[in-house]
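J.: next one to model:
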Amino acid sequence: MTLPADDTLAREGLAPEGRGRVLLIACGALAREILALKAANGWDHLDLTCLPANLHLWPDRITPAVREAVARHRADYDRIFVVYADCGTGGLLQAACAEMGVEMVPGPHCYAFFDGNAAFAERAEEEMGAFYLTDFLVRQFEAFVWRPMGLDRHPQLRDMYFAHYDRLVYLAQTEDPALDRLAEAAAARLGLRYERRYTGYGDLASALAGA
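T.: Take a look at the predicted model:
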C-alpha cells in the first residue's frame with residue numbers, strides 16, 4: 001500500500017486495498033505508523049482504511065463517520081478493528097463500537113496511547129499545562145493548529161488561547177532531527193517551553209498485535 005501525502009490523509013483519508021481478513025478503520029493521522037508496524041511485523045492479514053484526519057477538527061463527526069465505514073465494509077472482512085481512541089467524542093465512539101460489536105483502541109486520545117495509556121495517566125497532573133504534538137501534527141502544524149485557531153489572521157490571540165499552557169511536548173514516534181526542529185519552532189511560535197519525548201508507537205503496537 002502506497003502512503004499518500006499528509007494533505008491527502010488530512011482531507012480524504014485512505015481507501016482499503018481489499019486484501020486481508022481484518023480491516024483496520026483508522027484516523028488518517030495514524031496511517032504512517034500503522035503501515036510501518038504492519039510492514040515490520042508481516043501483518044499481511046490486516047487491511048487499512050483511514051478516515052480523513054481533519055475530522056478531529058469536528059469531533060462530533062467522528063462517530064457517524066466510523067459507523068458509516070463499518071456498515072460499508074463489514075461484509076468484506078472477517079473482523080473490523082477501529083483504530084481511534086475516544087478522540088473528543090465524549091464516550092459516543094466507544095458506545096457505538098460496543099453496539100456494532102467491533103473493538104477499538106483503548107484510551108482518551110492518540111497522545112495517550114502513543115505515550116502509553118498508563119504512563120500518560122500517571123503524568124496527567126504534572127502535565128496539566130502541556131500542549132501535545134505527534135509526528136503527524138508536527139508535519140501538519142499549520143493545517144491542524146495555526147490556521148484552525150485563526151492565528152494566521154489574528155496572531156494577537158495566541159497569548160489568550162495558550163494562557164494556561166506552560167509547555168509544548170512533542171511525543172515523537174520516530175528519530176527525525178528535521179521533525180525535532182519543526183516541533184521546537186512550533187513551541188516558539190506558541191510561546192511555550194519545548195520538551196521532546198520519544199515514545200515510538202507506544203500502546204498502538206500492542207493494540208494492533210491484538211487485532
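
J.: contacts and neighbour counts: CA atoms only from here.
T.: Fine.

J.: flag the shaky bits of the protein, pLDDT-wise.
T.: Along the chain, no part satisfies pLDDT under 70.

J.: can you map out the strands along it?
T.: 22-27, 46-51, 79-83, 103-104, 130-133, 167-172, 193-198 (DSSP state E).

J.: okay, those strands in a markdown table with mean neighbour count and distance to residue 208 next?
T.: Shown next, in a markdown table, are these (neighbours: other C-alpha atoms under 10 Å; distance: least, C-alpha to C-alpha, whole Å):
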| stretch | mean neighbour count | distance to residue 208 |
| --- | --- | --- |
| strand 22-27 | 24 | 9 |
| strand 46-51 | 23 | 9 |
| strand 79-83 | 23 | 8 |
| strand 103-104 | 20 | 10 |
| strand 130-133 | 20 | 22 |
| strand 167-172 | 24 | 19 |
| strand 193-198 | 15 | 20 |
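
J.: put together a markdown table for those strands, with distance to residue 120 on each row.
T.: Below are the strands of the chain laid out as a markdown table (distance: least, C-alpha to C-alpha, whole Å):
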| stretch | distance to residue 120 |
| --- | --- |
| strand 22-27 | 20 |
| strand 46-51 | 25 |
| strand 79-83 | 18 |
| strand 103-104 | 19 |
| strand 130-133 | 12 |
| strand 167-172 | 11 |
| strand 193-198 | 12 |
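
J.: would you map the helices across this structure?
T.: 6-11, 31-41, 62-73, 92-100, 110-115, 117-122, 135-139, 141, 158-161, 177-190, 203-210 (DSSP state H).

J.: which one, of those, ends up nearest to residue 197?
T.: For residue 197, the closest of the helices of the chain is helix 110-115, at 8.5 Å, according to C-alpha to C-alpha.

J.: now the closest one, how far from the chain's geometric center?
T.: Mean-position distance between helix 110-115 and its chain equals 8 Å (C-alpha atoms, centre = their mean, to the nearest Å).
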